[in-house]
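Novice: need a 3D model of the following:
(chains A and B)
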Number of protein chains: 2
Amino acid sequence: MRKYLLTTCVGALAVFAAGSANANDELIKMSQNPKDWVMPTGDYFNQRYSKLKQINSGNVGKLQVAWTFSTGVLRGHEGGPLVIGNVMYFHTPFPNIVYALDLNNDGKILWKYEPKQDPNVVPVMCCDTVNRGVAYGDGKIFLHQADTTLVALDAKTGQVAWSVKNGDPAKGETGTSAPMVMKDKVIVGISGGEFGVRGSVTAYNIKDGKKVWRGYSMGPDSDTLVDPQKTTHLGKPVGPDSGTNTWQGDQWKIGGGTTWGWYSYDPQLNLMYYGSGNPSTWNPKQRPGDNRWSMTIWARDVDTGATRWVYQMTPHDEWDFDGVNEMILADQNIGGQARKILVHFDRNGFGYTLDRTNGELLVAEKFDPKVNWATKVDMNKSSQTYGRPQVVSQYSTDQNGEDHNNKGICPAALGTKDEQPAAYSPDTQLFYVPTNHVCMDYEPFKVSYTAGQPYVGATLSMYPPQGETHMGNFIAWDAKTGKIVWSDKEQFSVWSGALATAGNVVFYGTLEGYLKAVDAKTGKELYKFKTPSGIIGNVMTYEHNGKQYVAVLSGVGGWAGIGLAAGLTNPTDGLGAVGGYAALRNYTALGGQLTVFALPGS
Amino acid sequence: MRKYLLTTCVGALAVFAAGSANANDELIKMSQNPKDWVMPTGDYFNQRYSKLKQINSGNVGKLQVAWTFSTGVLRGHEGGPLVIGNVMYFHTPFPNIVYALDLNNDGKILWKYEPKQDPNVVPVMCCDTVNRGVAYGDGKIFLHQADTTLVALDAKTGQVAWSVKNGDPAKGETGTSAPMVMKDKVIVGISGGEFGVRGSVTAYNIKDGKKVWRGYSMGPDSDTLVDPQKTTHLGKPVGPDSGTNTWQGDQWKIGGGTTWGWYSYDPQLNLMYYGSGNPSTWNPKQRPGDNRWSMTIWARDVDTGATRWVYQMTPHDEWDFDGVNEMILADQNIGGQARKILVHFDRNGFGYTLDRTNGELLVAEKFDPKVNWATKVDMNKSSQTYGRPQVVSQYSTDQNGEDHNNKGICPAALGTKDEQPAAYSPDTQLFYVPTNHVCMDYEPFKVSYTAGQPYVGATLSMYPPQGETHMGNFIAWDAKTGKIVWSDKEQFSVWSGALATAGNVVFYGTLEGYLKAVDAKTGKELYKFKTPSGIIGNVMTYEHNGKQYVAVLSGVGGWAGIGLAAGLTNPTDGLGAVGGYAALRNYTALGGQLTVFALPGS
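Specialist: Numbering: from 1, shown residues only, chains lettered A, B, ... in the order given. Here you go, the predicted model:
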């Protein structure tokens, strides 16, 4: 027993001692150890792929629940746990409790951190009180609290090492995204696009929390860290004042473009990638112009924040097609050429493949055939509208004007996919995408801006595509060609993050609460289990004492589950989601639980 | 599919049609079908024994989680589900939601009932916001809400058939106990012993909720339904005014003796059995006398409420040894004589065996050797103190006076056992008892009565017996001899109800959250699984589509878990439990989940 404890401690020390080396090198090394899961995204490439294959398509049907843990908090549980050595770390929605559990001791609580936050932050969280996870680096656990405090906790004790305030909830700025550690920096974004917040990403020094750089989504070049000559958009320099000159007057100051999604990082290129969100307000009539750089894929230098390239997917958004979804990095051979690609499934319903070195647009295709607001993305390089979606007038909420109810737009505002992250398997070369199969009616109306008050300016209803009853699909996608390889219907949107493994299995969760495992090649369902509550968390896997585990947080909520989470019943509440997902209440109730699965036997 | 649905509906109709016959006959018949679990206590005898044996001591080690369900409510989940045909019914703590789940459809929610209750009832619930379950009868589901409303819900639709108010929360009266249907009546008790509530049981007509009779624990004979001549105490008539003449003045009006435990029923004798609680206040100096009929086992005629016999276990209580724990009925051969026995494990640490036909005291022995407040119960029938505990002066909080801290009293106020019900196996003839292994310091102080305000009058600390660290035991008890047959140590009090089965397995839950299965003959641990939260619910079993399931509610709380449940940290808060159970926070967090287990395979 004594010897056993000693071994454990040495193991733990070995892990944390590494924290004093370059955090980047440490994390790259740790993320290559499939036994651990050291960042919410699995790795810097956001592939959410594990080399573990003890659980595989042949035996996953025998999966069992190994242990469980209630978080003590209700409402939507997005994100998922980290595992580092013998310790599992995870978080809850507001009030953002962080737990460290001892995997050697049946999940005994090693420490628990519960921040003291002003509860007045809750009313300025647009779409449930979610948080997408904690990050690890340099022997610390980083939490981005709802009140925008970025706090560094000693991974061994849970004691606060440092903390810094990233924004101001009084202006509608909140924290929901997971931080990411890159090199000696911790990078966080900001939420609040429905409150006229101007989005930014900010890098803090991992040692003391000192701000290193901040890059805004719009504003003067000095704010956006965009260089008129060196920063390119589809291969061309963006020119001066690109972050202000497509806005009317000072509207860019309350222009949205928030940054609450996932970040990815290519250490070789030293570039980080992420998307900026919708322009504020949702009423497009009020903000003429392309509203750059909302709805944009960004490539920034991690050391300086300098913008290498941008690509605006949805200029002058008219549907809240927030561009924050994750950028998945992979290396594929496209058209006989080895490419460093970036793949992105946007809310607008297009799946994009770009060359991540320079932002070249390779593929842009609909990943749900029901997408109807645009016919296609113009791929003709010599065209005036190269790279732009070809908007269908019938569904243009700008062209049809204020106070007009635009019916039958697909997808709905929450997109063909929202923040729920996709996974990529290098084995199959396929992307596994949880999707929403939802359309909407959208009526923009005039709204005036008051700091800290909702600045939405549209009324919505949501429902399945005409003639259909299911609201989600889980699909496999070929990013080389922009084609769906297989598609599994789901009754509700799949609002859980996917996991791909070397065992030829892909995992995801459903809003009713099922954890499902499907064959990576065919999509055939191999296993399902009904967890306590609807799943909007992201599935992860780890190995402990020679055994592979799969873990997921349950806890229905998020935008799709806001009716249940916030107790709303008016169909147009929750920005239209309440009515769309009303049937969810027949399947599940609020919760907050971790469920850990394994194969039987020791 | 159509055929399948039809079969289901016919089955459901068959069950509910029976409701129109005598509810008593129906329930007796239904409780003999081991596939169902039609009352919280398993059967009228409170044996919590199932004839199912698909899961047995040979295979229970292979048990798996079959499905789970989050209740959407945090804090202590006492009680457990009912299963009738293809439907499972269960409840939550305040706000007392009732769910009906479809067992044919992965626990889909058939209906959900959420009462509207004044949240001001919560502060007058002494020991967490618990509720111990719903009852079935006459095609209705009965819920006793926190605000004392007894509501009858249509079992098929959840629609309210009738409701009646049993008490007044403004006076500290609350509802926590499960109703029980006996013949054409629904019987409920009342909580509030810490608020000077005068306890009573009340019978309502099952058809319309009309009050049929009410029997108080103290007061004039017309209130207690005690007959001076016909009602006996240890074989002798109680004489006139027995419910008032051991009280000073009008103190009986605020005298406690509440009735929030379990009820049992012998249809042949037409008698119901239950225990009355502590006298109010906890400061014994303020209420001289025996304080009859607090701390008493009652046998009442179900038709009229008339009291056949009483037995006061702890006259003039000085320790809050509330007498509400369940009465388990069984038929055993004692000393060569076939006896209809009643077995009761009291908070005071004595396990009693009585002849339930007449209240004859057969056995009274300590079921924890650490019990020290009394040396024994006087069993000498010719003694003046026959049937009375022999109190040790050192631990007499009355003799030592007000404002004296009486140290080292065992058990603590929450008793060697609290409401967590024991089980009985006719196969082994043993009783399986979840126990608290806890001692206390107790300091009484003067308190004055104000309606609806706490009327406690004592400060407590709790801790394990000297020289020990574990706070619970799960024991097997021979009620014929009053001896412990085997005893399993537990780190914390076992605050979960036990289940015995024909498979030679006994189940119980722990405050850390484990569901455990032990060998009924030896107590050997055969299986354990860590559920999401600490277990204070009662384990039950049922069969569905040929498969045996075991189910339990998790959700730490109750008196032992009040620190976690109510977020208290001052050690003497929660009537002393907060300090005693402080270490619980290292093992579990708040929850509210149902976990259902089965063997692998179809």
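
Novice: for the nearest residue to residue A:273 once chain neighbours are set aside, name its beta-bridge partners.
Specialist: Excluding the flanking residues, the one nearest residue A:273 by CB to CB, 6 or more residues apart in numbering or on different chains is residue A:327, at 3.9 Å. No exception for glycine: its C-beta is placed from N, CA and C like everyone else's. Legend: beta-bridge partners of residue A:327 under DSSP bridges are residue A:344.

Novice: measure residue A:327 to chain B for me?
Specialist: 33 Å (CB to the nearest CB, to the nearest Å).

Novice: what is the neighbour count of that residue?
Specialist: Neighbour count for residue A:327, taken as other CB atoms under 10 Å in any protein chain shown: 27.

Novice: then residue A:407?
Specialist: 13.

Novice: ok, residue A:154 next?
Specialist: 15.

Novice: residue A:311 too?
Specialist: Other residues close to residue A:311 by other CB under 10 Å number 24.

Novice: and the helix or strand that contains it, what does it pack onto?
Specialist: Residue A:311 is located in strand A:307-312, with elements delineated by DSSP states H and E. With contacts taken as 3 or more CB pairs under 8 Å, 6 or more residues apart in numbering or on different chains; DSSP states H and E, strand A:307-312 sits against strand A:232-233, strand A:296-301.

Novice: again, only using 10 Å
Specialist: helix A:221-224, strand A:232-233, strand A:271-275, strand A:296-301, strand A:350-355, strand A:360-366 (3 or more CB pairs under 10 Å, 6 or more residues apart in numbering or on different chains; DSSP states H and E).

Novice: and it, which strands flank it?
Specialist: In its sheet, and by DSSP bridges, strand A:307-312 pairs with strand A:232-233 (parallel), strand A:296-301 (antiparallel).

Novice: need the contact list for the residue nearest to residue A:273.
Specialist: If you count contacts by CB atoms under 10 Å, 6 or more residues apart in numbering or on different chains, residue A:327 has them with A:45-46, A:261-266, A:272-275, A:297-299, A:341-345, A:352, A:354, A:356.

Novice: around residue A:337, how many other residues sit close by?
Specialist: So residue A:337, with other CB under 10 Å, has 9 neighbours.

Novice: same check, this time on the one 4 residues further on
Specialist: Under the neighbour criterion other CB under 10 Å, residue A:341 is assigned a count of 24.

Novice: go on, the one 4 residues further on?
Specialist: Neighbouring residues of residue A:345 were enumerated by other CB under 10 Å; the total is 29.

Novice: got it, and residue A:426?
Specialist: 15.

Novice: end-to-end on stretch A:500-507?
Specialist: Using CA to CA, to the nearest Å, the end-to-end distance of stretch A:500-507 comes to 7 Å.

Novice: so how far is that stretch from its chain's centroid?
Specialist: Distance, stretch centre to chain centre, for stretch A:500-507: 20 Å (CA atoms, centre = their mean, to the nearest Å).

Novice: ditto for stretch A:203-215
Specialist: On CA atoms, centre = their mean, the centre of stretch A:203-215 falls 22 Å from the chain's centre.

Novice: low-confidence regions, the stretch 251-400 of chain A specifically.
Specialist: Of all residues in the stretch 251-400 of chain A, none has pLDDT under 70.

Novice: what do you get if the cut-off is 90, keeping everything else the same?
Specialist: Scanning the stretch 251-400 of chain A for pLDDT under 90 picks out A:335.

Novice: which residue does it have closest to chain B?
Specialist: residue A:260 (26.1 Å; CB to the nearest CB).

Novice: pretty sure that residue contacts residue A:326?
Specialist: No: contact between residue A:260 and residue A:326 fails when scored by CB atoms under 10 Å: they sit 11.5 Å apart.

Novice: the two: who's more crowded?
Specialist: In this view residue A:260 and residue A:326 are compared by other CB under 10 Å, and residue A:260 has more residues nearby, 29 against 25.
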